[in-house]
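> Sequence and computational prediction follow.
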Amino acid sequence: MEKISQLMDGELGEREARLQIRRLESDPSLMQAWDTYHLIGDALRDDIPLGTDFERRLRQRLDGEPTVIAPNVHFASRLVRYSLPLAAAVAGVAVVGWLALSSQPQPAPGPVARIAPTVVATETPATGQMSDYLLAHQEFSPTAAMQGVASYVRTVSNEDRDTAR
Amino acid sequence: MSLPVRLLPSLVLLQFWATVALAETLQETEALAWLQKIAAAARQLNYSGTFIYQHGDHVESSRITHFVDRSGEYEKLETLDGPKREIFRNEDEIITLDGEHRVIKRERRTRRNSFPALLPDQLAHLTEHYQLRKGELERIAGYDAQALLLEPRDGFRYGHKLWADASTGLLLKARMLDEKGHVVEQSVFTQLVIGAAVGRPVPGPFAPDQRRDPPSADSAAPADTGWVVKDQPAGFRKIIEMKRFKAGSQTPVAHLVYSDGLAAVSVFIEPLPATRKVQEGLTRQGAVNIYTRPLPDQLVTVLGEAPAVTVVQIAKSVSPGGQ
């Protein structure tokens, strides 16, 4: 799992990266972890607005690159289709391309398009509702049980955060 | 008794590994006993103090009090930084107050202590997913504290470092760590009184006319909700499944809790009116990751003090039972 995370961060050497990619191809659960990591990355980077034609432009841009990798559900088939001269650079290429694009002026935000899987954190459920859920959750959480009264701070802090907006 | 001499090195090695294994088991047993002591102390002791809560760049201090006598259990937390908030609990009644002493919410809930804090059969499995060991004795808020380390064996749960008062077991400091060893969330007492000097906390003061509102009575009862999680990460087992009802509502919210004995992840499923648009996504509050996932006419909310990968995987595999 940690290796997959390192692969995504481009922290592995070429040999190790090739090895991990072979593991990815052969293990569906690892592939799912890979997808999930990207999905989380996408959601966490949500502060960068993406235009409607973002995906098309990214694809165009990447088509010009020697290596094409986009975090994608069909990643496995792509791995087979495209040669991988330097797997460690993969994440790097995607991120660099992405940063370059996102620093350009973007059209007015419309429906958000994304590299699949499409996951965007926009609307947080109502504050009161989320506090309710947090409180309900903590009644059954062993971690909260050990923290005692202190565990309420999350609920209270949550409301502060939301009212501050 | 004669043993071939050439076997001796093997026997010595075996003896060595047996000793190491035994020492590890002892460490684990002792650490598990500490966890139970910590959970019991949080419920049974009277204590009052100031503590600091930190996650990311966010740091805030609060004053908390816990008091228990024959009339019941009382808990109070008030924020000391920023807009004042207070949460007060006596048995099943919870009152939330804002800075103007106005009641934000007054409600009745199922009592927390109707459910055991640490389930014995869950604790038995804890060592499959965490490596437990005792750390050093350190000094926290003027108390001698025993450090405990819980290191996860995979990336589906956070690591924990806990510091408990060496004599009473009360948790003085707690730190959660991600798989790269970065601090996800931390809380620590800076001042603390334990025992007889602690008085019973009272809620408020209230603004005029605030106390007359009757509490809203939410209810929850164990029930088969018809929902299942098909692909939760290893070690997360369902510990309870129930239907919750908001006061005055006939529409149940399904609540399922999955735990590995230390971390817990809750799954809530509520009806989603066609008029309400919710986008799928991840947010977080300190160590708690929250993932919302709209289905055609239901909204799935999954949250827990676990890495995003765990919360997302559980959210993605929620489905109606029997399908």
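Nice, I can see it.

> which residues of the stretch 201-323 of chain B fall in helices?
B:308-316 (DSSP state H, counting those that start in this stretch).

> By proximity to chain A, which residue of it wins?
For the stretch 201-323 of chain B, the nearest residue to chain A under the criterion C-beta to the nearest C-beta is residue B:281, separated by 3.0 Å. Quick note: C-beta positions are derived from backbone N, CA and C, even for glycine.

> Tell me the backbone dihedrals of the closest residue to residue B:158 other than its chain neighbours, please.
What sits nearest to residue B:158 in space, not counting adjacent residues and going by C-beta to C-beta, 6 or more residues apart in numbering or on different chains, is residue B:176, at 4.6 Å. Main-chain torsions, residue B:176, degrees, to the nearest 10: phi -110, psi 140.

> Write down the beta-bridge partners of residue B:176, one by one.
For residue B:176, the beta-bridge partners under DSSP bridges are residue B:160, residue B:185.

> ditto for residue B:139
Under the criterion used (DSSP bridges), residue B:139 bridges to residue B:144.

> Wait, it touches residue B:145, no?
Yes: the pair residue B:139 / residue B:145 is scored as a contact, 6.7 Å apart, by C-beta atoms under 8 Å.

> Could you list the domains of chain B?
Annotated domains of chain B cover B:7-217, B:219-320 [automatic domain parsing].

> Pull the number of nearby residues for residue B:254.
20 (other C-beta atoms under 10 Å in any protein chain shown).

> list the contacts for it?
Residues in contact with residue B:254 (C-beta atoms under 8 Å, 6 or more residues apart in numbering or on different chains) are B:225-227, B:241-244, B:267-270.

> which of those has the most neighbours?
Going by other C-beta under 10 Å, residue B:267 tops those with 28 neighbours.

> Mean pLDDT lowest where, among the domains of chain B?
Note on the domains of chain B: lowest mean pLDDT is at domain B:7-217, with a mean of 88.

> Show me what the residue nearest to residue B:224 when sequence neighbours are not counted is bridged to.
Excluding its sequence neighbours, the residue lying closest to residue B:224 (C-beta to C-beta, 6+ apart) is residue B:241, at 6.7 Å. Counting by DSSP bridges, residue B:241 forms beta bridges with residue B:256.

> Repeat that for residue B:96.
residue B:87, residue B:105.

> count of neighbours near it?
23.

> and if you look at residue B:28?
Applying other C-beta under 10 Å, I find that residue B:28 has 17 neighbouring residues.

> distance between whichever strand or helix holds it and the chain's centre?
Take DSSP states H and E as the rule and residue B:28 turns out to sit in helix B:8-44. Here helix B:8-44 is found 24 Å from its chain centre; the criterion is C-alpha atoms, centre = their mean, to the nearest Å.

> name the helices or strands packed onto the helix or strand that that helix is followed by?
Next in sequence after helix B:8-44, counting helices and strands by DSSP H and E, comes strand B:47-55. For strand B:47-55, the packing partners by 3 or more C-beta pairs under 8 Å, 6 or more residues apart in numbering or on different chains; DSSP states H and E come out as strand B:58-69, strand B:183-194.

> Turn those into a markdown table, columns for mean neighbour count and distance to residue B:320.
Shown next, in a markdown table, are these (neighbours: other C-beta atoms under 10 Å in any protein chain shown; distance: least, C-beta to C-beta, whole Å):
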| stretch | mean neighbour count | distance to residue B:320 |
| --- | --- | --- |
| strand B:58-69 | 18 | 38 |
| strand B:183-194 | 18 | 33 |
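
> per the record, what domains does chain A have?
A:2-102, A:127-163.

> Lowest average pLDDT across the ones you listed?
domain A:2-102 has the lowest average pLDDT among those, namely a mean of 54.

> Please tell me how far the residue nearest to residue B:83 when sequence neighbours are not counted sits from residue B:60.
Nearest non-adjacent residue to residue B:83, counting by C-beta to C-beta, 6+ apart: residue B:99, 5.4 Å away. If you measure residue B:99 against residue B:60 using C-beta to C-beta, to the nearest Å, the figure is 14 Å.

> ditto for residue B:42
Relative to residue B:60, and taking C-beta to C-beta, residue B:42 is found at 20 Å.

> go on, residue B:11?
59 Å.

> Could you look up the SS state of the closest residue to residue B:140 other than its chain neighbours?
Nearest residue to residue B:140 in three dimensions, chain neighbours excluded: residue B:172, at 4.2 Å (C-beta to C-beta, 6+ apart). What DSSP: H, G, I helix; E, B strand; the rest coil gives for residue B:172 is strand.

> List the beta-bridge partners for the residue of the stretch 201-323 of chain B closest to chain A.
Under the criterion used (DSSP bridges), residue B:281 bridges to residue B:292.

> Count the neighbours of it for me.
Residue B:281: 20 neighbours (other C-beta under 10 Å).
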